[in-house]
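S.K.: here is a sequence together with a model predicted from it:
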Amino acid sequence: MGEVGDEQMFLRATGRSFVGLSAELERSWRGPFYFAMGADPQLGLWDAWSRGACGTSGTMWERELALTHEAVRALNLLRPRPRFLTLCGDLVHDMPGQPKRNEQMKDLRNALRNLDPAIPLVLVPGNHDLGNEPTTESIASFRHAWGDDYFAFWVGGVRFLVLNSQLFVNTKACQREGEEHNNWLGKELAECTEAKKVGKDPQHVIVLQHIPLFLSTANEEDGYFNIPLDLRHQLIEKFQQAGVTAVLAGHYHRNAGGSVGPIEMIVSSAMGCPLGQDPPGLRLVTVTKESIHHSYYAMDKIPTQIDLGPC
(Lines give C-alpha, C1' and ligand atoms only; values in the text may rest on other atoms or scores of the structure.)
Protein backbone atom coordinates (compact mmCIF):
# COMPACT_ATOMS: atom_id res chain seq x y z
CA MET A 1 0.00 0.00 0.00
CA GLY A 2 1.20 3.50 -0.68
CA GLU A 3 1.78 5.80 2.27
CA VAL A 4 -1.24 7.83 3.27
CA GLY A 5 -0.99 11.28 4.83
CA ASP A 6 -2.10 11.92 8.41
CA GLU A 7 -5.11 13.98 7.30
CA GLN A 8 -6.40 11.12 5.16
CA MET A 9 -5.56 8.37 7.65
CA PHE A 10 -5.65 9.59 11.24
CA LEU A 11 -7.27 13.02 11.26
CA ARG A 12 -10.55 12.43 9.41
CA ALA A 13 -12.55 12.94 12.59
CA THR A 14 -12.89 16.71 12.61
CA GLY A 15 -15.61 19.21 13.42
CA ARG A 16 -17.49 16.43 15.30
CA SER A 17 -17.93 14.56 12.02
CA PHE A 18 -15.84 12.23 9.86
CA VAL A 19 -14.58 13.11 6.40
CA GLY A 20 -16.13 10.81 3.79
CA LEU A 21 -18.82 9.40 6.09
CA SER A 22 -21.24 12.30 6.14
CA ALA A 23 -25.03 12.47 6.03
CA GLU A 24 -24.86 13.82 2.50
CA LEU A 25 -23.01 10.71 1.32
CA GLU A 26 -24.23 7.95 3.65
CA ARG A 27 -27.65 8.75 5.10
CA SER A 28 -29.62 6.33 2.92
CA TRP A 29 -29.99 2.60 3.59
CA ARG A 30 -28.38 0.61 0.77
CA GLY A 31 -28.49 -2.91 2.12
CA PRO A 32 -26.48 -4.99 4.60
CA PHE A 33 -22.88 -4.08 5.33
CA TYR A 34 -20.26 -4.92 7.91
CA PHE A 35 -17.42 -3.22 9.75
CA ALA A 36 -14.43 -4.38 11.77
CA MET A 37 -13.75 -3.61 15.40
CA GLY A 38 -10.52 -3.89 17.36
CA ALA A 39 -9.90 -2.79 20.91
CA ASP A 40 -6.84 -2.13 23.05
CA PRO A 41 -3.88 -2.61 20.70
CA GLN A 42 -2.13 -0.96 23.68
CA LEU A 43 1.49 -1.23 22.58
CA GLY A 44 3.60 -1.85 25.71
CA LEU A 45 1.05 -3.57 27.98
CA TRP A 46 2.41 -7.10 27.53
CA ASP A 47 5.83 -6.06 28.80
CA ALA A 48 4.43 -4.07 31.72
CA TRP A 49 2.01 -6.88 32.63
CA SER A 50 4.78 -9.50 32.54
CA ARG A 51 6.67 -7.42 35.11
CA GLY A 52 3.59 -7.26 37.33
CA ALA A 53 3.27 -3.52 36.96
CA CYS A 54 0.72 -2.79 34.26
CA GLY A 55 0.48 0.89 35.22
CA THR A 56 4.16 1.50 34.54
CA SER A 57 5.82 2.31 31.25
CA GLY A 58 5.89 -0.42 28.63
CA THR A 59 9.50 -0.62 27.47
CA MET A 60 8.97 -3.24 24.73
CA TRP A 61 6.03 -3.85 22.41
CA GLU A 62 7.12 -6.26 19.70
CA ARG A 63 4.23 -8.66 20.39
CA GLU A 64 1.50 -6.02 20.15
CA LEU A 65 3.12 -4.52 17.07
CA ALA A 66 3.26 -7.93 15.36
CA LEU A 67 -0.43 -8.45 16.14
CA THR A 68 -1.27 -5.04 14.68
CA HIS A 69 0.53 -5.95 11.47
CA GLU A 70 -1.29 -9.29 11.42
CA ALA A 71 -4.65 -7.54 11.89
CA VAL A 72 -3.92 -5.12 9.04
CA ARG A 73 -2.92 -7.95 6.72
CA ALA A 74 -6.12 -9.86 7.52
CA LEU A 75 -8.30 -6.78 6.99
CA ASN A 76 -6.69 -6.07 3.64
CA LEU A 77 -7.62 -9.57 2.46
CA LEU A 78 -11.29 -9.31 3.42
CA ARG A 79 -13.85 -9.27 0.62
CA PRO A 80 -15.99 -7.38 0.38
CA ARG A 81 -14.02 -4.79 2.29
CA PRO A 82 -15.33 -3.70 5.69
CA ARG A 83 -16.92 -0.28 5.51
CA PHE A 84 -14.51 0.87 8.21
CA LEU A 85 -12.25 -0.30 11.03
CA THR A 86 -12.76 1.13 14.50
CA LEU A 87 -10.20 0.81 17.28
CA CYS A 88 -12.09 1.29 20.55
CA GLY A 89 -9.44 2.89 22.70
CA ASP A 90 -6.11 2.35 24.44
CA LEU A 91 -4.11 2.70 21.27
CA VAL A 92 -0.85 2.60 23.24
CA HIS A 93 -0.03 1.67 26.83
CA ASP A 94 2.01 4.63 28.05
CA MET A 95 -0.23 7.36 29.37
CA PRO A 96 0.38 11.08 28.77
CA GLY A 97 3.74 12.02 30.24
CA GLN A 98 5.18 8.49 30.37
CA PRO A 99 8.55 8.01 28.64
CA LYS A 100 7.80 5.56 25.80
CA ARG A 101 4.49 7.03 24.66
CA ASN A 102 5.75 8.86 21.58
CA GLU A 103 7.73 5.82 20.38
CA GLN A 104 4.69 3.57 20.83
CA MET A 105 2.48 6.00 18.94
CA LYS A 106 4.97 6.26 16.10
CA ASP A 107 5.22 2.49 15.72
CA LEU A 108 1.45 2.06 15.85
CA ARG A 109 0.91 4.73 13.20
CA ASN A 110 3.49 3.14 10.92
CA ALA A 111 1.77 -0.25 11.24
CA LEU A 112 -1.68 1.20 10.58
CA ARG A 113 -0.44 3.04 7.49
CA ASN A 114 -0.45 -0.33 5.71
CA LEU A 115 -4.23 -0.56 6.01
CA ASP A 116 -6.03 -0.45 2.66
CA PRO A 117 -6.96 3.24 2.12
CA ALA A 118 -10.45 2.06 1.11
CA ILE A 119 -11.03 1.10 4.80
CA PRO A 120 -11.51 4.28 6.86
CA LEU A 121 -9.94 4.19 10.32
CA VAL A 122 -12.26 5.34 13.14
CA LEU A 123 -10.35 5.95 16.38
CA VAL A 124 -11.92 6.04 19.84
CA PRO A 125 -10.07 7.40 22.91
CA GLY A 126 -9.39 5.22 25.95
CA ASN A 127 -8.06 5.89 29.41
CA HIS A 128 -4.47 5.20 28.36
CA ASP A 129 -4.83 7.69 25.52
CA LEU A 130 -6.11 10.49 27.77
CA GLY A 131 -5.01 9.47 31.27
CA ASN A 132 -7.18 8.07 34.05
CA GLU A 133 -7.70 11.70 35.05
CA PRO A 134 -7.87 13.44 31.65
CA THR A 135 -6.82 17.06 31.40
CA THR A 136 -7.45 19.84 28.93
CA GLU A 137 -3.90 19.26 27.71
CA SER A 138 -4.18 15.48 27.30
CA ILE A 139 -7.42 15.85 25.36
CA ALA A 140 -5.87 18.49 23.11
CA SER A 141 -2.88 16.19 22.54
CA PHE A 142 -5.17 13.32 21.49
CA ARG A 143 -7.03 15.57 19.08
CA HIS A 144 -3.76 16.76 17.57
CA ALA A 145 -2.49 13.20 17.05
CA TRP A 146 -5.65 11.23 16.25
CA GLY A 147 -8.52 13.64 15.51
CA ASP A 148 -11.66 14.47 17.49
CA ASP A 149 -12.20 12.55 20.72
CA TYR A 150 -15.97 12.39 20.08
CA PHE A 151 -17.98 12.74 16.89
CA ALA A 152 -20.76 11.24 14.80
CA PHE A 153 -20.84 9.75 11.31
CA TRP A 154 -23.10 7.84 8.92
CA VAL A 155 -22.61 4.58 7.06
CA GLY A 156 -25.35 3.20 4.81
CA GLY A 157 -28.26 4.74 6.71
CA VAL A 158 -26.86 3.93 10.17
CA ARG A 159 -25.86 6.63 12.66
CA PHE A 160 -22.66 6.00 14.65
CA LEU A 161 -21.81 7.97 17.77
CA VAL A 162 -18.19 7.90 18.97
CA LEU A 163 -18.02 8.88 22.65
CA ASN A 164 -15.22 9.89 24.98
CA SER A 165 -16.15 7.53 27.82
CA GLN A 166 -13.34 8.81 30.05
CA LEU A 167 -15.42 11.96 30.45
CA PHE A 168 -18.12 9.79 32.07
CA VAL A 169 -15.63 8.74 34.74
CA ASN A 170 -13.45 11.72 35.64
CA THR A 171 -13.65 15.39 34.65
CA LYS A 172 -11.87 16.97 37.63
CA ALA A 173 -9.20 18.49 35.40
CA CYS A 174 -11.35 19.05 32.30
CA GLN A 175 -14.78 20.21 33.43
CA ARG A 176 -15.37 22.38 30.37
CA GLU A 177 -14.59 19.49 28.02
CA GLY A 178 -16.90 17.24 30.02
CA GLU A 179 -19.78 19.70 29.77
CA GLU A 180 -19.22 20.19 26.04
CA HIS A 181 -19.19 16.42 25.50
CA ASN A 182 -22.42 15.93 27.44
CA ASN A 183 -24.16 18.82 25.66
CA TRP A 184 -23.12 17.47 22.27
CA LEU A 185 -24.28 13.95 23.16
CA GLY A 186 -27.60 15.30 24.41
CA LYS A 187 -28.22 17.07 21.11
CA GLU A 188 -27.24 14.03 19.05
CA LEU A 189 -29.52 11.72 21.04
CA ALA A 190 -32.38 14.23 20.90
CA GLU A 191 -32.12 14.30 17.09
CA CYS A 192 -32.23 10.51 16.96
CA THR A 193 -35.18 10.45 19.37
CA GLU A 194 -37.18 12.89 17.25
CA ALA A 195 -36.39 10.95 14.08
CA LYS A 196 -37.52 7.73 15.76
CA LYS A 197 -40.85 9.29 16.77
CA VAL A 198 -41.74 10.13 13.18
CA GLY A 199 -40.44 6.86 11.76
CA LYS A 200 -37.52 8.36 9.82
CA ASP A 201 -33.83 7.51 9.63
CA PRO A 202 -31.47 6.32 11.02
CA GLN A 203 -31.98 2.60 10.45
CA HIS A 204 -29.89 1.89 13.58
CA VAL A 205 -27.97 3.97 16.08
CA ILE A 206 -24.69 2.38 17.20
CA VAL A 207 -22.42 3.75 19.93
CA LEU A 208 -18.64 3.24 19.98
CA GLN A 209 -16.76 3.91 23.22
CA HIS A 210 -13.91 2.51 25.30
CA ILE A 211 -15.38 1.78 28.73
CA PRO A 212 -18.40 -0.57 28.63
CA LEU A 213 -21.70 0.49 30.14
CA PHE A 214 -21.65 -2.92 31.86
CA LEU A 215 -19.97 -6.28 31.45
CA SER A 216 -22.95 -8.61 31.80
CA THR A 217 -25.98 -6.92 33.41
CA ALA A 218 -27.16 -3.33 33.62
CA ASN A 219 -27.44 -3.47 37.43
CA GLU A 220 -24.01 -4.94 38.18
CA GLU A 221 -21.88 -3.21 40.80
CA ASP A 222 -19.57 -0.34 39.94
CA GLY A 223 -16.03 -1.30 39.05
CA TYR A 224 -12.97 -0.33 37.06
CA PHE A 225 -14.36 -1.91 33.89
CA ASN A 226 -17.81 -0.27 33.70
CA ILE A 227 -19.56 3.10 33.78
CA PRO A 228 -20.74 4.21 37.27
CA LEU A 229 -24.20 2.85 38.02
CA ASP A 230 -26.18 6.10 38.35
CA LEU A 231 -24.81 7.54 35.12
CA ARG A 232 -25.09 4.13 33.45
CA HIS A 233 -28.84 4.05 34.03
CA GLN A 234 -29.22 7.61 32.76
CA LEU A 235 -27.32 6.76 29.59
CA ILE A 236 -29.26 3.55 29.03
CA GLU A 237 -32.57 5.43 29.30
CA LYS A 238 -31.43 8.09 26.83
CA PHE A 239 -29.98 5.48 24.48
CA GLN A 240 -33.23 3.52 24.49
CA GLN A 241 -35.25 6.65 23.69
CA ALA A 242 -32.89 7.45 20.83
CA GLY A 243 -33.15 3.98 19.30
CA VAL A 244 -29.63 2.79 20.09
CA THR A 245 -29.40 -0.89 19.26
CA ALA A 246 -25.77 -1.63 20.14
CA VAL A 247 -22.91 -0.22 22.20
CA LEU A 248 -19.43 -1.51 21.36
CA ALA A 249 -16.52 -1.15 23.77
CA GLY A 250 -13.16 -2.57 24.78
CA HIS A 251 -11.21 -1.87 28.01
CA TYR A 252 -11.92 -5.27 29.58
CA HIS A 253 -9.38 -7.22 27.46
CA ARG A 254 -11.87 -10.12 27.40
CA ASN A 255 -15.08 -10.83 25.51
CA ALA A 256 -18.21 -10.03 27.49
CA GLY A 257 -21.57 -8.31 27.20
CA GLY A 258 -25.28 -8.57 27.67
CA SER A 259 -28.53 -6.83 26.79
CA VAL A 260 -30.84 -4.31 28.36
CA GLY A 261 -34.10 -3.88 26.47
CA PRO A 262 -33.27 -3.39 22.78
CA ILE A 263 -29.64 -2.45 23.47
CA GLU A 264 -26.88 -5.02 23.18
CA MET A 265 -23.66 -4.24 25.06
CA ILE A 266 -20.79 -5.80 23.10
CA VAL A 267 -17.43 -5.97 24.87
CA SER A 268 -14.47 -7.12 22.78
CA SER A 269 -11.23 -8.72 23.87
CA ALA A 270 -7.94 -7.03 23.09
CA MET A 271 -6.28 -6.75 19.75
CA GLY A 272 -3.07 -6.71 21.79
CA CYS A 273 -2.50 -8.27 25.22
CA PRO A 274 -5.51 -10.26 26.52
CA LEU A 275 -6.18 -10.49 30.25
CA GLY A 276 -8.41 -13.56 30.09
CA GLN A 277 -8.85 -16.69 28.00
CA ASP A 278 -9.89 -14.94 24.79
CA PRO A 279 -7.02 -14.65 22.29
CA PRO A 280 -6.00 -11.41 20.57
CA GLY A 281 -8.33 -10.77 17.67
CA LEU A 282 -10.91 -8.67 15.87
CA ARG A 283 -14.69 -8.55 15.83
CA LEU A 284 -16.65 -8.37 12.56
CA VAL A 285 -20.07 -6.73 12.86
CA THR A 286 -22.74 -7.19 10.19
CA VAL A 287 -25.61 -4.71 10.05
CA THR A 288 -28.86 -5.72 8.38
CA LYS A 289 -32.05 -3.71 8.15
CA GLU A 290 -33.56 -5.58 11.09
CA SER A 291 -30.62 -6.45 13.34
CA ILE A 292 -26.91 -6.57 14.12
CA HIS A 293 -24.81 -9.74 14.12
CA HIS A 294 -21.21 -10.09 15.22
CA SER A 295 -18.47 -12.66 15.67
CA TYR A 296 -15.09 -12.44 17.37
CA TYR A 297 -12.14 -14.05 15.56
CA ALA A 298 -8.70 -14.90 16.82
CA MET A 299 -6.15 -13.11 14.68
CA ASP A 300 -5.21 -16.24 12.72
CA LYS A 301 -8.86 -17.24 12.20
CA ILE A 302 -10.17 -14.11 10.50
CA PRO A 303 -11.98 -15.16 7.31
CA THR A 304 -11.23 -13.70 3.89
CA GLN A 305 -14.81 -13.70 2.59
CA ILE A 306 -17.93 -12.29 4.29
CA ASP A 307 -21.40 -13.32 3.15
CA LEU A 308 -23.80 -10.41 3.61
CA GLY A 309 -26.74 -12.37 2.27
CA PRO A 310 -29.39 -10.94 -0.05
CA CYS A 311 -29.63 -7.14 -0.25
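M.R.: Ah, there it is.

S.K.: residue ranges for the strands of the stretch 101-250 of the chain, please.
M.R.: Along the stretch 101-250 of the chain, counting by DSSP state E, counting those that start in this stretch, strands occupy 121-124, 151-155, 158-162, 205-208, 244-249.

S.K.: how about the ones you listed in TSV, adding mean pLDDT?
M.R.: Listed next are the strands of the stretch 101-250 of the chain as TSV, based on pLDDT from 0 to 100:
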stretch	mean pLDDT
strand 121-124	98
strand 151-155	98
strand 158-162	98
strand 205-208	98
strand 244-249	98
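
S.K.: biggest helix in this structure by residues?
M.R.: Criterion DSSP state H: the longest helix present in the chain is helix 175-197.

S.K.: give the buried residues for that one.
M.R.: For helix 175-197, the neighbour count (16 or more other CB atoms under 10 Å) marks 177, 178, 181, 184, 185, 188, 189, 192, 193, 195 as buried. Just so you know, the C-beta spots here come from the backbone N, C-alpha and C atoms, and that holds for glycine as well.

S.K.: so it versus strand 151-155, what angle?
M.R.: With axes from the mean of the first three to the mean of the last three CA atoms, to 10 degrees applied, the angle from helix 175-197 to strand 151-155 works out at 30 degrees.

S.K.: so what touches helix 175-197?
M.R.: 16, 134, 136, 139, 150, 152, 159, 161, 163-164, 167, 171, 201-202, 205, 238-239, 241-244 (CB atoms under 8 Å, 6 or more residues apart in numbering).

S.K.: buried subset of those as a PyMOL selection?
M.R.: Burial among these is assessed by 16+ other CB under 10 Å; the matching PyMOL selection reads:
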select buried, resi 134+139+150+152+159+161+163+164+167+171+201+202+205+238+239+242+243+244
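
S.K.: remind me which residues of the stretch 201-311 of the chain are low pLDDT?
M.R.: Low-confidence segments of the stretch 201-311 of the chain, defined by pLDDT under 70: 310-311.

S.K.: can you show me the helices along it?
M.R.: 229-242 (DSSP state H, counting those that start in this stretch).

S.K.: still on that earlier bit, which of the buried residues of helix 175-197 sits closest to residue 292?
M.R.: Comparing those against residue 292 with CB to CB places residue 192 closest, at 15.9 Å.

S.K.: what residues are up against the closest residue to the closest one other than its chain neighbours?
M.R.: Among residues not flanking residue 192 along the chain, residue 242 sits closest, at 3.9 Å (CB to CB, 6 or more residues apart in numbering). Residues near residue 242 by CB under 8 Å, 6+ apart: 188, 189, 190, 192, 193, 196, 205.

S.K.: could you measure from residue 151 over to residue 19?
M.R.: 10 Å (CB to CB, to the nearest Å).

S.K.: the more surrounded of those two?
M.R.: residue 151 (24 against 15; other CB atoms under 10 Å).

S.K.: is that one bridged to anything, and to what?
M.R.: residue 162 (DSSP bridges).

S.K.: how much space between it and residue 297?
M.R.: Residue 151 sits 27 Å away from residue 297 when distances are taken as CB to CB.

S.K.: again, but for residue 289
M.R.: Distance of residue 289 to residue 297, given as CB to CB: 24 Å.

S.K.: between the two, point out the one with more neighbours.
M.R.: Shown here are residue 289 and residue 297; by other CB under 10 Å, residue 297 has more neighbours (15 against 12).

S.K.: what's the closest non-adjacent residue to the more buried one?
M.R.: residue 281 (5.1 Å).

S.K.: could you list every residue that touches the one you found?
M.R.: Applying CB under 8 Å, 6+ apart, the residues contacting residue 281 are 269, 271, 296, 297, 298, 299, 301, 302.

S.K.: which SS class is the closest residue to the last one other than its chain neighbours?
M.R.: Read it as residue 302. Nearest in space to residue 302, with sequence neighbours left out and distances taken as CB to CB, 6+ apart, is residue 74 at 4.1 Å. Taken by DSSP: H, G, I helix; E, B strand; the rest coil, the conformation at residue 74 corresponds to helix.

S.K.: who are the contact partners of residue 74?
M.R.: Counted by CB under 8 Å, 6+ apart, residue 74 has contacts 282, 299, 302.
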